[in-house]
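K.L.:
Whatever this is, show me its structure:
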Amino acid sequence: MLKVTGLETTYGSSQVLFGISFSVDAGEVVTLMGRNGMGKTTTIRSVCGLVKAKKGSVVFEGKELLGQPAHKIAKSGIGLVPEGRQIFPNLTVRENLLATARNDASSKNPWVIDRVLEYFPAIAARINGMGNELSGGEQQMLAIGRALMTNPKLLILDEATEGLAPRIRKDIWNSLNDLKSEGQAILVIDKNLSALNQIADQHFIIEKGVTVWSGSPSDLSTQSDIHKRYLGV
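P.N.:
Take a look at the predicted model:
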């Protein structure tokens, strides 16, 4: 579904990505892992067209996306839950969801408001509340719901559970597991290796702007040196 090859990105004169490569197949959950500052978010932003990559290839369902504007990339079927949530603070929960509603792929079981609220009952209770009145966990649920309202073929989450209470993190992971069971392809960044191992089909590790390792959760569990070298604090 998504194949990223040799991705290189700079901010001004500073190069951040030096050759990122990874792939996501239909129905897969794939993770991007690595310590802070290694290029994970820049990779996501480059794939989504939010920053301009200078070299490489981003092919989604057989079409090259590199160089395309962000709105066209989104319309191709990629839904982003950005780091920091970035919901609309002066819109209600309902308005946040309606703002991104789209079903370009004419899904047979499309994401509509009622379906999102079934997944996230916590925000169903706040449907008429303003975005800036929600807790951090509720905002994250709303951000995921907003991305789902685009009916994406690939859902991307940058720091899926960062800064959330344990109970809320558990709810988010359960929701992602449910999405996977429905065949939703997901690319996720997070630091919770235990939770990632429960839902991931494939891990990719980034170090200083380069993909340095890839494998399954079972592969990673047998290579403690990889964890210490690239993921340990």
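
K.L.:
Show me where this protein dips below the pLDDT cut-off.
P.N.:
104-106, 233 (pLDDT under 70).

K.L.:
where exactly do the strands run in it?
P.N.:
2-11, 14-24, 29-33, 53-60, 63-64, 78-81, 154-158, 185-189, 202-207, 210-215 (DSSP state E).

K.L.:
Direction included, what does the fourth one pair up with?
P.N.:
Yep, that's strand 53-60 we're talking about. strand 2-11 (antiparallel), strand 63-64 (antiparallel) (DSSP bridges).

K.L.:
Out of those, which is closest to residue 110?
P.N.:
The closest of the strands paired with strand 53-60 to residue 110 is strand 2-11. By C-beta to C-beta, the value is 21.4 Å. Just so you know, the C-beta spots here come from the backbone N, C-alpha and C atoms, and that holds for glycine as well.

K.L.:
one step back: same list (the strands of the chain) but as TSV, adding distance to residue 100.
P.N.:
Converted to TSV, those look like this (distance: least, C-beta to C-beta, whole Å):
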stretch	distance to residue 100
strand 2-11	20
strand 14-24	21
strand 29-33	22
strand 53-60	19
strand 63-64	22
strand 78-81	8
strand 154-158	13
strand 185-189	17
strand 202-207	27
strand 210-215	30
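
K.L.:
out of the ones you listed, nearest to residue 127?
P.N.:
Closest among these, using C-beta to C-beta: strand 78-81, at 19.4 Å.

K.L.:
any idea how far that closest one is from the chain center?
P.N.:
Strand 78-81 has its C-alpha centroid displaced from the chain centroid by 6 Å (C-alpha atoms, centre = their mean, to the nearest Å).

K.L.:
cool, stretch 6-25 as well?
P.N.:
For stretch 6-25, the distance to the chain centre is 17 Å (C-alpha atoms, centre = their mean).

K.L.:
Repeat that for stretch 109-122.
P.N.:
With C-alpha atoms, centre = their mean, you get 18 Å for stretch 109-122.

K.L.:
Contacts for that stretch, please.
P.N.:
Identification of contacts with stretch 109-122 by C-beta atoms under 8 Å, 6 or more residues apart in numbering yields 94, 97-98, 101, 103, 123-124, 127, 137-138, 141-142, 144-145, 148-151, 171, 175, 178.

K.L.:
Which of the strands of the chain sits closest to residue 108?
P.N.:
strand 185-189 (16.5 Å).

K.L.:
who does that closest one pair up with?
P.N.:
strand 29-33 (parallel), strand 154-158 (parallel).

K.L.:
what would those look like in a markdown table with mean neighbour count and distance to residue 82?
P.N.:
Listed next are the strands paired with strand 185-189 as a markdown table, based on neighbours: other C-beta atoms under 10 Å; distance: least, C-beta to C-beta, whole Å:
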| stretch | mean neighbour count | distance to residue 82 |
| --- | --- | --- |
| strand 29-33 | 23 | 14 |
| strand 154-158 | 23 | 6 |
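
K.L.:
quick one: which of those is nearest residue 222?
P.N.:
strand 29-33 (16.3 Å).
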